[in-house]
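**Q** got a predicted structure plus its sequence, pasted below:
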Amino acid sequence: MKKSYFLTKLLTVAGLISVGSLLACAVGPDFVKPDKPHAAGYMTGQTAESIDPIEKDNETSQHYVFGKDIPAEWWSLYHAEALDTLVREALRANPDLEAAQAALREAHENTASGEGAYYPSVEANFSPSRQKQSNISSSNLNSGSYVYNTFAAGLNVSFVPDVFGGTRRQVEVLEAQENQQRFQLEATFLTLTSNVVIGAIQEASLRAQITATEDIIHTEQDQLDILIHQEELGEAGEKDVLAQESLLAQAELTLPGLQKQLEQQRDLLIALVGRLPDENIEQKFELTDLKIPSELPVTLPSKLVEQRPDIRAAEEQLHAASAEIGVATANMLPQINLTAADGSMATRLSQLFVPGNGFWTLAAGFTQPILEGGTLWHHRDAAKAAYDQAAAQYRSTVITAFQNVADTLHAITADTKAYKIALRAEAAASKSLKISQKELILGEIGPLDILNAEQTWQQARISLVQAEASRYTDTAILFQALGGGWWNRDKKNNIIHEPHKDDAQTSASSK
């Protein structure tokens with residue numbers, strides 16, 4: 001009988017038991033995806049199709065397209081090369097995204113590590129030693145020497161068959177945690193790109209407001225100069241001058257706040273692209289450089305749960321909690337251990353593999369927990385409670401997601417109305433200014449009247465800028481609320497690993 005016979009037999013038996021274990025049913029519940037919400041729409045008393053579209057009245061108009069898919073690079077719909085460039089820089093260098101990618105790699109390696117439990121563990125060993133027996137002991141060595149060397153070499157094999165599926169459930173936990181990390185990475189990606197887009201819009205808005213405010217300050221200063229001159233001529237009183245100085249100061253007071261916000265917005269964009277505050281970015285944004293997307297996608301409610309990364313991550317958390325119940329249940333059942341050793345021992349290294357110096361052992365163990373002080377029962381009950389918690393968190397995530405979409409749709413409707421009103425107000429103020437300018441030429445009004453008309457127009461400009469920026473921001477928030485189109489990303493250029501399969505998080509049914 002060859003030395004490796006028992007080792008070969010053990011590996012064969014272990015392989016057969018492993019295959020049999022994989023074909024057997026695993027204890028614990030098989031995960032089933034939660035039912036999709038039965039919501040007809042995102043707002044009370046309305047279905048998605050019944051939301052009033054925005055009127056198409058000019059090049060800045062928008063309208064809803066129900067069921068329209070979202071492009072992966074949705075920010076390109078603003079048609080701003082500077083914005084596209086800044087987003088690409090953020091995707092290359094943002095540390096939060098790098099951390100999320102590293103976390104995904106870690107989760108992937110943990111899954112691969114857990115899968116190693118499916119196979120036998122084989123270890124090689126070599127143990128040289130030098131020994132001396134007592135003089136009163138009779139030496140068993142042919143040389144009669146009491147001092148001698150020993151050399152031992154062999155292989156140890158151990159295997160724990162996954163009879164009840166505990167290992168499979170543990171790997172299922174790791175796979176679910178890996179997929180959860182994938183979707184957390186997608187959420188980080190979506191948050192980053194949305195923050196860059198919204199930050200650029202806010203910068204553009206602030207620049208326009210600063211320009212309009214500076215024009216107002218200039219107009220107020222001109223009015224003050226005129227009043228001072230009129231006071232010197234006795235045509236105006238000190239009260240009028242002081243009142244105008246107050247208006248000028250109030251206008252000047254708004255400028256530092258806007259400038260502070262602009263600088264802070266620049267700091268935010270610099271940080272988003274992974275740079276320190278003393279560094280700068282080349283891109284500067286103006287509202288005139290941005291084009292508002294004309295088509296607004298409205299995902300059907302039944303699709304939202306598949307598109308939102310936070311919902312998918314919560315679903316994977318629920319999946320992991322389900323598998324943990326199986327792990328806790330398997331720990332309450334018998335465990336079988338198979339071990340074997342095959343090797344050789346000699347007093348001379350040259351004789352280590354000489355026939356007759358070999359040894360082997362083959363053993364099996366069976367362990368059944370009997371009394372653990374209720375620990376294993378409580379572990380399983382704790383796993384069930386954790387599943388209930390994950391289920392509640394999943395429902396909360398779904399509700400929050402639908403709320404985000406509903407809030408954004410309300411905001412788009414309200415801000416579009418505000419924009420149309422601001423547009424009419426600015427047009428009226430502009431027309432009034434032109435009339436006043438003609439009347440000034442004809443001598444029908446004085447300089448103060450024309451300056452008042454200019455001030456009214458500048459204020460209308462600021463209101464229009466704010467309303468326009470709100471629409472740009474609402475659009476970005478809508479793309480974010482609907483999931484951001486990550487599922488359409490080009491796999492060749494994808495910096496994020498795609499999930500295993502679209503249904504990898506559906507049912508990890510035991511094989």
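**A** Sure, I can see it. Residues are numbered from 1 along each chain as shown.
**Q** quick one: low-confidence parts of the stretch 1-150 of the chain?
**A** Along the stretch 1-150 of the chain, the parts satisfying pLDDT under 70 run over 1-24, 45-59, 134-145.
**Q** strands of that one, start to end?
**A** For the stretch 1-150 of the chain, applying DSSP state E, counting those that start in this stretch gives strands covering 63-66, 121-132, 147-159.
**Q** any chance of those strands in CSV, plus distance to residue 399 and mean neighbour count?
**A** Every residue, glycine included, has its C-beta placed from N, CA and C. Shown next, in CSV, are those (distance: least, CB to CB, whole Å; neighbours: other CB atoms under 10 Å):
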stretch, distance to residue 399, mean neighbour count
strand 63-66, 22, 14
strand 121-132, 47, 10
strand 147-159, 47, 17
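**Q** got TSV for these, with distance to residue 245 too?
**A** Formatted as TSV, those follow (distance: least, CB to CB, whole Å):
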stretch	distance to residue 245
strand 63-66	49
strand 121-132	87
strand 147-159	90
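**Q** next SSE after whichever strand or helix holds residue 248?
**A** Here residue 248, judged by DSSP states H and E, is contained in helix 238-272. The element immediately downstream of helix 238-272 (helix or strand, assigned by DSSP H and E) is strand 295-298.
**Q** buried residues of that next one, list them for me.
**A** Of all the residues in strand 295-298, those buried under the rule 16 or more other CB atoms under 10 Å are 296, 297, 298.
**Q** let's have the residues you listed in CSV, adding distance to residue 477 and pLDDT.
**A** Formatted as CSV, the buried residues of strand 295-298 follow (distance: CB to CB, whole Å; pLDDT from 0 to 100):
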residue, distance to residue 477, pLDDT
296, 11, 91
297, 13, 90
298, 13, 89
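**Q** run the chain-centre distance for the helix or strand where residue 480 lies.
**A** Residue 480 belongs to helix 447-481 when elements are defined using DSSP H and E. Distance of helix 447-481 from the chain centroid (CA atoms, centre = their mean, to the nearest Å) equals 33 Å.
**Q** who are the packing partners of it?
**A** Contacts defined by 3 or more CB pairs under 8 Å, 6 or more residues apart in numbering; DSSP states H and E place helix 447-481 against helix 166-232, strand 295-298, helix 375-442.
**Q** distance from the chain centre to the next helix or strand after the shortest one, please.
**A** Put plainly, it is strand 295-298. The C-terminal neighbour of strand 295-298 among helices and strands, as given by DSSP H and E, is helix 301-307. The chain centroid and the centroid of helix 301-307 are separated by 17 Å under CA atoms, centre = their mean.
**Q** mind giving me the packing neighbours of the helix or strand that helix 301-307 is followed by?
**A** Remark: after helix 301-307, the chain's next helix or strand is helix 309-330, criterion DSSP H and E. The contact analysis (3+ CB pairs under 8 Å, 6+ apart) places helix 309-330 against helix 166-232, helix 301-307, helix 375-442.
**Q** within the sheet, what are the partner strands of whichever helix or strand comes after helix 309-330, with directions?
**A** Toward the C-terminus, helix 309-330 is succeeded by strand 335-346 as the next helix or strand (DSSP H and E). Sheet pairing here is set by DSSP bridges, and for strand 335-346 it gives strand 147-159 (antiparallel), strand 358-367 (antiparallel).
**Q** average model confidence for strand 335-346?
**A** Mean pLDDT, strand 335-346: 88.
**Q** just give me how far it sits from the chain centre.
**A** Strand 335-346 sits 48 Å away from the centroid of its parent chain (CA atoms, centre = their mean).
**Q** what comes up buried for that strand?
**A** 335, 336, 338, 339, 340, 341, 342, 343, 344, 346.
**Q** how close does the closest residue to residue 77 other than its chain neighbours get to residue 61?
**A** Of all residues not flanking residue 77 in the chain, residue 293 sits nearest, at 4.0 Å (CB to CB, 6 or more residues apart in numbering). Per CB to CB, to the nearest Å, residue 293 is found 11 Å from residue 61.
**Q** please say which of the two ends up with more neighbours.
**A** Between residue 293 and residue 61, counted using other CB atoms under 10 Å, residue 293 has the larger neighbour count: 19 against 14.
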